[in-house]
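**Student:** okay, predicted coordinates and the sequence, questions at the end:
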Amino acid sequence: MSVELVAVERRLWSGQATFVVAQTTEGEIGVLPGHEPVLGQLAEGGIVKVTTTDGDTVTAAVHGGFLSITGDKVSVLAESADLGEEIDIDAARRALSGEDEAERTRASARLRAAGHSV
């Protein structure tokens, strides 16, 4: 299936995938090719994982937005998002101790997307 991972400021990733997992406000959803059409609202501080047809995993921290699923396409349209491989771990850890709850939520998601425990 075709997958697009897009944030307001840029396209983070697009390509062919065999599986997508996303955290929505209704819970976590797993998507395989041929999935029934769904429109879901992405959870703040959620994670999206895409398993590519090459067997690689693309992981992103997403902050708000929508997930659109048709029979052969998945579109992740996030208000903002960070690819796990691009995340500044030290900055995310510092943000965890801040007073802004929204920023702590984003920092937690960034660390999880980068493969680090919170």
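**Tutor:** Ah, there it is. Residues are numbered from 1 along each chain as shown.
**Student:** distance of the residue located most distally from the centre of the chain relative to residue 88?
**Tutor:** Among the residues of the chain, the one whose C-alpha is farthest from the average of all C-alpha positions is residue 99, by CA atoms, centre = their mean at 24.2 Å. The spacing between residue 99 and residue 88, counted by CB to CB, to the nearest Å, is 20 Å. Bear in mind the C-beta positions are built from the backbone N, C-alpha and C, glycine included.
**Student:** quick check: domain ranges of the chain?
**Tutor:** 2-83, 86-113 (automatic domain parsing).
**Student:** now those domains as a markdown table including mean pLDDT?
**Tutor:** As requested, the domains of the chain are exported to a markdown table (pLDDT from 0 to 100):
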| stretch | mean pLDDT |
| --- | --- |
| domain 2-83 | 96 |
| domain 86-113 | 92 |
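**Student:** list the contacts of the residue nearest the centre of the chain.
**Tutor:** Ranked by distance to the mean C-alpha position of the chain (CA atoms, centre = their mean), the top residue is residue 48 at 2.8 Å. Applying CB atoms under 8 Å, 6 or more residues apart in numbering, one finds that residue 48 lies in contact with 5, 20, 21, 22, 23, 42, 59, 60, 62, 76, 78, 81.
**Student:** inside strands: which ones of these?
**Tutor:** In strands, judged by DSSP state E, the following of the contacts of residue 48 are found: 5, 20, 21, 22, 23, 59, 60, 62, 76, 78, 81.
**Student:** put the buried members of these into a ChimeraX selection.
**Tutor:** Typed into ChimeraX, the next command selects the buried ones out of the ones in strands among the contacts of residue 48 (criterion: 16 or more other CB atoms under 10 Å):
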select :5,20,22,23,59,60,62,76,78,81
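**Student:** check the offset of the longest helix seen in the chain from the chain's centre.
**Tutor:** When the chain is scanned for its longest helix (criterion: DSSP state H), the result is helix 101-113. In terms of CA atoms, centre = their mean, to the nearest Å, the gap separating the centre of helix 101-113 from the centre of its chain is 12 Å.
**Student:** list of residues touching it?
**Tutor:** 44-47, 59-63, 82-84, 87, 89, 92-93, 95-96, 98, 117-118.
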